[in-house]
Each structure stands twice: as structure tokens, then as C-alpha cells.
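>>> A predicted structure for the sequence below; I have some questions about it.
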Amino acid sequence: MKGNTMKFLAVCGFGVGSSMMLRMQIDKVAKDMGLKATVENTDLTSAKADQASAIFTSTELADELRRSVSCPVYTIKRYTDKAEIRAALEQYLADHPQS
């Protein structure tokens with residue numbers, strides 16, 4: 001396992017449905033990568049008030065989140081594509097090396 005536990009948010013407009021699917025995929029990929037991470041799904045408004053290591057969301061919500069949060073926001077186009085999710089997690093690790 002690498003570093004401290006990270007907190008990732010999967011965000012959609014209402015915090016159910018698509019963000020739940022994305023949360024499950026991020027969780028699987030993070031475990032496959034040996035990362036210590038908690039993954040939660042939430043809605044747009046709650047995500048703006050939450051503290052997270054990174055946020056994963058759709059293209060439609062990414063710009064609004066980037067204007068509202070201090071953590072990095074990664075766009076995922078295909079929520080069931082583990083390779084795309086893995087690439088986003090690898091980018092997060094490259095941008096934010098763990099101790």
C-alpha cells in the first residue's frame with residue numbers, strides 16, 4: 001500500500017445512480033493498484049463542501065467543481081472503463097506523490 005489513506009469523491013448531479021457506479025469502479029481500480037483510499041459518491045452541492053484528495057466526475061460538472069473546490073478534479077467520460085479510471089488515478093499520483 002502507498003502512503004496515507006486518500007479520499008476520493010465520485011460526483012454526479014444528484015449523488016445517486018451514475019456516481020454510485022463510478023464509485024464502485026474507482027474503488028475496484030484503487031484496490032487493484034494497491035492504494036489506501038476511501039471512495040464516496042455524492043451530489044454536486046455536497047462535493048463543494050467536502051474535503052477530498054480528488055474528485056472524479058463527468059465533463060458536464062467538472063468546470064463548476066474546479067471553480068468551487070481546492071482539490072484536483074478529474075473528468076471521466078466512461079464510468080465503466082477501468083483503463084480510463086486507472087489513467088486518472090495514475091495522473092493523480094503523478095501530480096500528488098504520496099509520502
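Now that the structure is in, tell me what you want to look at.
>>> Point out where this protein drops to low pLDDT.
Judged against pLDDT under 70, the low-scoring parts of the chain cover residues 1-3, 99.
>>> Could I get the full set of helices for it?
Across the chain, reading from the start of the chain, the helices by DSSP state H fall at 18-32, 44-49, 59-68, 82-95.
>>> Could you say which of these is packed most deeply?
Ranked by average neighbour count under the criterion mean count of other Cβ atoms under 10 Å, the helices of the chain are headed by helix 18-32 at a mean of 19. Quick note: C-beta positions are derived from backbone N, CA and C, even for glycine.
>>> what sits against residue 54?
The contact partners of residue 54, by Cβ atoms under 8 Å, 6 or more residues apart in numbering, come to 6, 8-9, 71-74, 92, 96.
>>> Please report which of those has the highest neighbour count.
Compared across the contacts of residue 54, residue 9 has the highest neighbour count, 28 neighbours, by other Cβ atoms under 10 Å.
>>> Name the nearest of the contacts of residue 54 relative to residue 83.
residue 74 (13.9 Å; Cβ to Cβ).
>>> doesn't residue 58 make contact with the closest one?
No: judged on Cβ atoms under 8 Å, residue 74 makes no contact with residue 58 at a distance of 10.7 Å.
>>> before we move on, the earlier item: turn the helices of the chain into TSV, including distance to residue 38.
Formatted as TSV, the entries for the helices of the chain read as follows, by distance: least, Cβ to Cβ, whole Å:
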stretch	distance to residue 38
helix 18-32	9
helix 44-49	14
helix 59-68	19
helix 82-95	14
